[in-house]
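Chemist: sequence and predicted structure below; questions after.
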There are 2 protein chains.
Amino acid sequence: MFDPVCPSGLTPIRFGDKWYGMIIRCLEHGPRRFSELRVPLRGISAKVLTRSLRALERDGMITRTAYPGPVQRVEYDLTPLGRSLLEPMAAACAWAEKHWEELLDAREAAGHPR
Amino acid sequence: MFDPVCPSGLTPIRFGDKWYGMIIRCLEHGPRRFSELRVPLRGISAKVLTRSLRALERDGMITRTAYPGPVQRVEYDLTPLGRSLLEPMAAACAWAEKHWEELLDAREAAGHPR
DNA sequence: CTAACCGGTATCCCGGCGGTAACCACGTCA
DNA sequence: TGACGTGGTTACCGCCGGGATACCGGTTAG
């Protein structure tokens, strides 16, 4: 998921900052903990992940819940608003799937290394 | 069109660089000349517009046609690929129209100045 | 006691985006 | 002859996003 060559990271369509969209997709199937998010988002630093999560929280896209147990445990989950973003994101992904090769070919033809 | 307060410039959804998407929308209803593009895109500098246009051209989104008449005349037009981007952009705009207020409210509630 | 895990924060660095300003070639007009 | 419009290019500069690294407080496992 989200390997460096994945087209989803290369579409001209972006949601918020670099990770905003990917984080939302990671939360699509239920809440995730901080460290669970770092796995699929290969290479994200803790700082950047924290910042993106804070931004998403500020925008009402996700909730942050710290469980008071003895072990530190924080879960992030999508709000209805965040979930509603999945729809246009799906449209963007559909576009990318259909037209990604075209875009790549155009770049190659323009002399840009693939 | 595209005044600084327009939500379209503030959605978390972005297409390419800052202007990529707006340029495509400007070309939606037919070809436009360089200077015609600078009008709706208030405040864009020639440098940035040129760079964005080159990027769009490189990606096969638009064509650049210089007419050989006595006066210098260059027109930019959407390719089918560029036109196909209008679809997910419409989805993004629909989302923004529906949920923009929600996002704003969330930011305000988070103590962020509106 | 020590190490590791969790969920971060603090600091530094770098590259790229975006903006300003100056300049330029070409052609037209007065 | 000079000013002006068109469609740029170039140099410079500031800011911010993103990455790497180090550290930290609390808890638990060995």
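Modeler: Thanks, I have it. Residues are numbered from 1 along each chain as shown, chains lettered A, B, ... in the order given.

Chemist: so what touches the helix-or-strand element of chain A with minimal mean pLDDT?
Modeler: Lowest by mean pLDDT, DSSP states H and E among the helices and strands of chain A is strand A:13-15, with a mean of 84. Residues from elsewhere that reach strand A:13-15, judged by Cβ atoms under 8 Å, 6 or more residues apart in numbering or on different chains: A:20-21, A:24, A:85, A:89, A:92, A:95-96, B:12-16, B:88, B:92. Backbone N, C-alpha and C define where each C-beta goes, glycine included.

Chemist: what pairs with that strand, parallel or antiparallel?
Modeler: With DSSP bridges as the test, strand A:13-15 is paired with strand B:13-15 (antiparallel).

Chemist: what about the partner strand, near DNA strand C?
Modeler: No: shown here: strand B:13-15 not in contact with DNA strand C (Cβ under 7 Å from any atom of the strand), separated by at least 8.4 Å.

Chemist: for chain A, what lies in contact range of chain B?
Modeler: Residues of chain A found near chain B (Cβ under 8 Å from any Cβ of the partner chain) are A:12-16, A:20, A:57-61, A:81, A:84-85, A:87-88, A:91-92, A:94-95, A:98-99, A:102-103, A:105-107, A:109-110, A:112.

Chemist: hang on, the earlier thing: quick one: the least confident helix or strand of chain A near DNA strand D?
Modeler: No: Strand A:13-15 stays clear of DNA strand D (Cβ under 7 Å from any atom of the strand), getting no nearer than 8.2 Å.

Chemist: tell me the first helix or strand C-terminal of that strand.
Modeler: With elements assigned by DSSP states H and E, the helix or strand that comes after strand A:13-15 is helix A:20-26.

Chemist: which outside residues touch the helix ranked longest in chain A?
Modeler: Counting by DSSP state H, the longest helix found in chain A is helix A:86-109. Applying Cβ under 8 Å, 6+ apart, the external contacts of helix A:86-109 come out as A:7-8, A:10-13, A:15, A:21, A:24-25, A:28, A:114, B:13, B:58-61, B:81, B:84-85, B:87-88, B:91-92, B:94-95.

Chemist: what about that helix, average pLDDT?
Modeler: For helix A:86-109, mean pLDDT rounds to 88.

Chemist: buried residues in it?
Modeler: By neighbour count on 16 or more other Cβ atoms under 10 Å in any protein chain shown, the buried set for helix A:86-109 is A:86, A:88-89, A:91-93, A:95-96, A:99, A:102-104, A:106-107.

Chemist: next one: residue A:57 from residue A:20, what distance?
Modeler: 12 Å (Cβ to Cβ, to the nearest Å).

Chemist: comparing those two, which shows the higher neighbour count?
Modeler: Neighbours were counted for residue A:57 and for residue A:20 using other Cβ atoms under 10 Å in any protein chain shown; residue A:20 has more, 21 against 17.

Chemist: could you work out the most separated pair of the contacts of strand A:13-15?
Modeler: Farthest apart among the contacts of strand A:13-15 by Cβ to Cβ are A:24 and B:16. That separation is 19.7 Å.

Chemist: quick check, stretch A:28-40 touching DNA strand D?
Modeler: No: applying Cβ under 7 Å from any atom of the strand, one finds stretch A:28-40 out of contact with DNA strand D, separated by at least 10.9 Å.
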